[in-house]
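**Student:** this one's sequence-less:
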DNA sequence: ATATCGCGGTTCTAATATAGAGACAAAGAG
DNA sequence: CTCTTTGTCTCTATATTAGAACCGCGATAT
């Protein structure tokens, strides 16, 4: 049993995205098909607590500084900067492509740390980015190691076709995941966004449950040839091992259900 | 008129701080003097949306990855890294002390960007840190340029004595603020935390309203002598001018009421 | 100049969601 | 083993919220 008011309010909050960072009361009400009175009350309550701010001229609302506070606390809790980021940076320099760490969170993968390639053309993504688990190397690597009932669960909520390469057939997906699980890594091209390749390897907690993935990504035209791929996978796996050791040592603190 | 349920829920959220990052249901209920049923419903609703996560072993709750997403969006909206941070870094290198940017948010100052000193002993603070406006150089610099009714408002909510140096008498504070306003900068020692000095200068929006402050801080034993102070203030003011120009140019987007 | 529209904000009341006490099983402590 | 404490769930009186209608304002159109 959940609180409907809070539930609605958090749903409202999710409309403040990178694509649509500001909303007027009636504008958002129309978008959500809800009475503008309700939206007004929700937005102004959030504003009272600093989670939203209202531009006094345009009267539109946007995200407030309170999120800086909470976001930073989560980041410090993860504490990846000290030990994990250097490993990622080294890997990124070695292969000359961007490297990122994706965390399992419900039915999504969340990018929690990034080491960008120094090349001018590179794969680039923001910390905090959320993607459904059935899309792309980083997420499918995670999904492949979940129990099958959770895999089915994720797919049962519908699978959106992000690009022509996105797999949207559940049976095909299950086969794909099995392959990933068997070989221990995942190679994709153009699933998450057009003309991007990715190579992901899994990371587990001390109980052997999947919690994250380490992924390398770059433009497809630089994608490794079939004969170079195994070598690159090995290098990524080696970096993943170092990170894994750190996780084991600190019995890493983020859960998957 | 606000939503009481949401209001309570956000109040609950604020108990997840750096000092107390994890809470059990009944533990938090006791702390807040609220029925544990209510807390349970609030926490589990937040959990459904990824704002909190529950450790499956200890059953305790802590902040979830959703905050990473929203925190990052706020950070990118501010977009200080590209232009303002380099200025701060240069200033920090020149004077060899930490430099930080504090934003006005309601009755608090929020640290939004930091350039740490390279010295081993240095002032250090997290992004997102919140302090009442009546404490410390960075906050008092902002408060000094607010209209008097808002100054009185802030003080009327009570003034906590953080350190022996904290000014808690409203009349004394008003005099102090006037002095800061007249000289255009603020110098304090040991107000925010023991044995720390700070020098703050104000930053305004295009309408001449105070929105932020640029502050230099370090250990008191390195605090500038009376004759060196004016020179250092000038250097800080020069950096502030550069930042000010950037704000003017982009008619800077964060509001103060 | 006047009318119209759409905006954020407010008020009202029926109807619904919530508060809060209490119960429960499970886990832990003594 | 018993006693305590935990998170979770159920119940009902009641406080809170939903949603329509309304308001005054400012921009736009006539």
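**Tutor:** That came through, no problem. All values reported here derive from a predicted model rather than from experimental measurement. Numbers count the residues shown, from 1 in each chain, chains lettered A, B, ... in the order given.

**Student:** Look at the residue of the stretch 151-257 of chain A at minimum distance from DNA strand C and report its pLDDT.
**Tutor:** For the stretch 151-257 of chain A and DNA strand C, the shortest gap (CB to the nearest atom of the strand) falls at residue A:207, measuring 15.6 Å. Yep, even glycine has a C-beta here, placed from its N, CA and C like the rest. Here, the pLDDT recorded for residue A:207 equals 80.

**Student:** can you count the residues close to it?
**Tutor:** For residue A:207, the neighbour count with other CB atoms under 10 Å in any protein chain shown is 8.

**Student:** does it count as helix, strand or coil?
**Tutor:** When classified by DSSP: H, G, I helix; E, B strand; the rest coil, residue A:207 comes out as coil.

**Student:** how close does it sit to residue B:229?
**Tutor:** 58 Å (CB to CB, to the nearest Å).

**Student:** centroid residue for chain A?
**Tutor:** In chain A, the centroid-proximal residue (CA atoms, centre = their mean) is residue A:110; its distance is 2.3 Å.

**Student:** I'd like the distance between that one and residue B:56.
**Tutor:** In terms of CB to CB, residue A:110 sits 18 Å off from residue B:56.

**Student:** Helix, strand, or coil at the closest residue to chain B within chain A?
**Tutor:** Nearest to chain B, among the residues of chain A, is residue A:71, at 1.5 Å (CB to the nearest CB). At residue A:71, secondary structure determined by three-state DSSP is helix.

**Student:** quick one: contacts for it?
**Tutor:** A:128, B:67, B:68, B:69, B:70, B:71, B:72, B:74, B:75, B:128 (CB atoms under 8 Å, 6 or more residues apart in numbering or on different chains).

**Student:** Which residue ranges of the stretch 151-257 of chain A form strands?
**Tutor:** Using DSSP state E, counting those that start in this stretch, the strands of the stretch 151-257 of chain A run over A:186-189, A:196-204, A:210-219.

**Student:** Then the stretch 1-150 of chain A?
**Tutor:** Assignment of strands within the stretch 1-150 of chain A using DSSP E, counting those that start in this stretch yields the ranges A:52-54, A:61-63, A:98-105, A:108-115, A:130-132.

**Student:** Turn the ones you listed into JSON lines, columns for mean pLDDT.
**Tutor:** JSON lines is the format used below for the strands of the stretch 1-150 of chain A (pLDDT from 0 to 100):
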{"stretch": "strand A:52-54", "mean pLDDT": "95"}
{"stretch": "strand A:61-63", "mean pLDDT": "96"}
{"stretch": "strand A:98-105", "mean pLDDT": "96"}
{"stretch": "strand A:108-115", "mean pLDDT": "96"}
{"stretch": "strand A:130-132", "mean pLDDT": "95"}
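
**Student:** Need the winner for burial among the ones you listed.
**Tutor:** strand A:98-105 (a mean of 25; mean count of other CB atoms under 10 Å in any protein chain shown).

**Student:** Hey, what's the angle from that strand to strand A:196-204? Just curious.
**Tutor:** Taking axes from the mean of the first three to the mean of the last three CA atoms, to 10 degrees, one finds strand A:98-105 and strand A:196-204 inclined to each other by 50 degrees.

**Student:** what helices or strands is strand A:98-105 leaning on?
**Tutor:** Secondary-structure packing of strand A:98-105 (3 or more CB pairs under 8 Å, 6 or more residues apart in numbering or on different chains; DSSP states H and E): helix A:84-95, strand A:108-115, helix A:136-144, strand A:210-219.

**Student:** out of the ones you listed, deepest packed?
**Tutor:** helix A:136-144 (a mean of 28).

**Student:** which one of the strands of the stretch 1-150 of chain A lies closest to residue B:140?
**Tutor:** strand A:52-54 (22.4 Å; CB to CB).

**Student:** residues contacting residue A:149?
**Tutor:** For residue A:149, the contact set (CB under 8 Å, 6+ apart) is empty.

**Student:** Quick check: chain neighbours aside, which residue is closest to residue A:224?
**Tutor:** Sequence neighbours aside, residue A:232 is the residue nearest to residue A:224 in space, at 5.1 Å (criterion: CB to CB, 6 or more residues apart in numbering or on different chains).
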